[in-house]
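Q: okay, sequence plus prediction incoming.
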There are 2 protein chains.
Amino acid sequence: MRMFNKVVIIGTGLIGGSLGLALKKQRLAGQVIGLSRHQKNARLAKKAGAIDGIGSSLEVVADADLVILATPVDTIIDFALRIEKKIKKDCIVIDVGSTKERIVSRLSALIPNFLGCHPLAGSEKKGIVNLEDSIFKGSICIITPTVKTNNHALNKVKLLWKRLGAGIVILSAKKHDQVLAFTSHLPHAIAFSLISSIPDQYLGLSSSGLRDTTRISSSDANLWSEIFLSNRGNLLIALSIFQTKLTALKLALESKNKRRLAKILLLARKKREKLLSFQRAHYLSEA
Amino acid sequence: MRMFNKVVIIGTGLIGGSLGLALKKQRLAGQVIGLSRHQKNARLAKKAGAIDGIGSSLEVVADADLVILATPVDTIIDFALRIEKKIKKDCIVIDVGSTKERIVSRLSALIPNFLGCHPLAGSEKKGIVNLEDSIFKGSICIITPTVKTNNHALNKVKLLWKRLGAGIVILSAKKHDQVLAFTSHLPHAIAFSLISSIPDQYLGLSSSGLRDTTRISSSDANLWSEIFLSNRGNLLIALSIFQTKLTALKLALESKNKRRLAKILLLARKKREKLLSFQRAHYLSEA
């Protein structure tokens, strides 16, 4: 069922392109127009069927019903400022950036129908060659409205993500950034640091443990530098807590305290079971 | 082709049981006898077809051609001491423990045809219910002979692992432990500490990044306490190097040094590519 006549996606990378593909597959949009810094990417997105046409300038937002800001997190505010005067009054604008506080506090004051969104559906694989319309199915999308948020826009955006198969979680932008510092940005920082620690000549003598633990260190360096910097305070707190936990394990090891060590590992193992049961429960409820 | 008339596996958990299954599937043994601390596990191993019979006591090793010590790493020397006087003179004894220096230095002096082995083919899933004969296919098995090692026994053990589909790497026991501290024990210590750092109420707001980064924290707490303690010195060194890397990332973040941060992440990403190409090259050469 069509929800929007015209959708404009600014940034046709992995998330933007996959959104285009999903919108078209679910027939939620009459027309999807994509824009990219790189003409080549936009052409590939079109070829992949993720967009119907390529916008030649930001003027294409003029008659859009939905604009999706899917550029790197440090450029989202810039693009919003450049389209803000061009869009229709009732146009809904969402972003899909990985951090929300800075973006939402700025844009919710500027655009009446703006909503910050964060689909927890990324991948270490970046860009247009890895588009998948199914990455949102069974995923969680966090939406971060403010007291100013128009209720009609909020309901429409909730419905959009539901149609794409995502479960909705409503959080304040501030809380979102606190949570994601732990559940996403910390694991990335750890994975980057872990792979950096392994001497080159040892890499070949490893198995699936090292491979999986460091999978997300294959993520794009520039994108992730910006994400880390945009959530700097919260990530520094998460890093400190991690360091405390690591030090506790190290002390038990140094002092050969087998009982303490085994207890630390057992509590960790139990928490991982909890993680799996949460993720499984969510997946089942959306499947 | 049969390589051994009688094989005894002491410890029919994930690795021991999977070895039994693979030996029988490849018809490498006339008869496979298993022993376990837990009668129930031995019965399950038999039911799964991993062993032909259950040994009622260690006396069953008397006419064995191959004894596989597959118990937790802290009990391997004990079991070796208990069978040492019972085995035939030409019986080959191998262990499959995750650390090698302590075990190999003790047992190579004691048993003429002893060889330390470490198949890099574990899983966070422990025990008999997860047996798979294919876990060795395309994996690496590290063998740690000493100057005393009988060449005939070494060649036979190499052939055994090759038949099971593993690639062979020969290392000294000391070097093995130095390498594995980085490529296996460090990632485990990090994964346990990472999951411990996540507040319970945030666990549900996570995706595949946290799940994969912490997969191996579902490993058995007792087994892994013993592994950590048995490679304490090397693991403490690996932990220190990791902490240095993490501190470098943290400092770049604290000082908002985008260029330095991006460079750290880019080097990490490149090293992960190297890891994947090593693992892929190995897999292809064995496939």
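A: The structure has been received and is ready for your questions. Just so we're clear, the structure is a prediction, and the values are computed from it rather than from any experiment.
Q: longest helix of chain A, counting residues only.
A: Longest helix of chain A, by residue count under DSSP state H: helix A:258-286.
Q: anything in it near chain B?
A: Yes: counting by C-beta under 8 Å from any C-beta of the partner chain, chain B has neighbours in helix A:258-286: A:258, A:261-269, A:271-276, A:278-279, A:282. Quick note: C-beta positions are derived from backbone N, CA and C, even for glycine.
Q: domain parsing of chain A, as residue ranges.
A: Listed domain ranges for chain A are A:4-171, A:176-254 (source: automatic domain parsing).
Q: the longest helix of chain A: which residues count as buried?
A: For helix A:258-286, the neighbour count (16 or more other C-beta atoms under 10 Å in any protein chain shown) marks A:258, A:260-262, A:264-266, A:268-269, A:271-272, A:275, A:278-279, A:282 as buried.
Q: kindly report the same for stretch A:75-84.
A: A:76-77, A:79-80, A:83.
Q: tell me where the stretch 151-287 of chain A has strands.
A: A:167-170 (DSSP state E, counting those that start in this stretch).
Q: the closest residue to residue A:3 other than its chain neighbours and chain B: what is the separation?
A: Nearest residue to residue A:3 in three dimensions, chain neighbours excluded: residue A:28, at 4.7 Å (C-beta to C-beta, 6 or more residues apart in numbering or on different chains). Per C-beta to the nearest C-beta, to the nearest Å, residue A:28 is found 23 Å from chain B.
Q: count of neighbours near residue A:28?
A: Around residue A:28 there are 19 other residues, counting by other C-beta atoms under 10 Å in any protein chain shown.
Q: surely it meets residue A:19?
A: No: with contact defined as C-beta atoms under 8 Å, residue A:28 does not reach residue A:19; the gap is 10.0 Å.
Q: hey, what's in contact with both of these two?
A: Counting by C-beta atoms under 8 Å, 6 or more residues apart in numbering or on different chains, the contacts common to residue A:28 and residue A:19 are residue A:164.
Q: wait, what's in contact with the residue nearest to residue A:3?
A: So residue A:28 contacts A:1-4, A:160, A:163-164 (C-beta under 8 Å, 6+ apart).
Q: measure how the host helix or strand of residue A:142 sits relative to helix A:258-286, angle-wise.
A: Following DSSP states H and E, one finds residue A:142 within strand A:140-144. On the basis of axes from the mean of the first three to the mean of the last three C-alpha atoms, to 10 degrees, strand A:140-144 is oriented at 80 degrees to helix A:258-286.
Q: can I get the CA coordinates of strand A:140-144 in CSV?
A: Below are the C-alpha coordinates for strand A:140-144, written out as CSV (Å, rounded to 0.1, in the frame of the first residue of the first chain):
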residue,chain,number,x,y,z
ILE,A,140,14.9,-2.9,15.6
CYS,A,141,14.4,0.7,14.6
ILE,A,142,14.9,3.3,17.3
ILE,A,143,12.8,6.5,16.8
THR,A,144,13.7,9.6,18.8
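Q: what about that strand and chain B, any contact?
A: Yes: shown here: strand A:140-144 in contact with chain B (C-beta under 8 Å from any C-beta) through A:140, A:142.
Q: roughly how far apart are the residue lying closest to residue A:26 once chain neighbours are set aside and chain B?
A: In space, and not counting its chain neighbours, residue A:26 is closest to residue A:163: 5.5 Å by C-beta to C-beta, 6+ apart. Going from residue A:163 to chain B by C-beta to the nearest C-beta gives 20 Å.
Q: need the helices for chain A, in chain order.
A: A:14-25, A:39-47, A:76-83, A:101-107, A:151-163, A:173-180, A:186-197, A:208-213, A:221-230, A:232-254, A:258-286.
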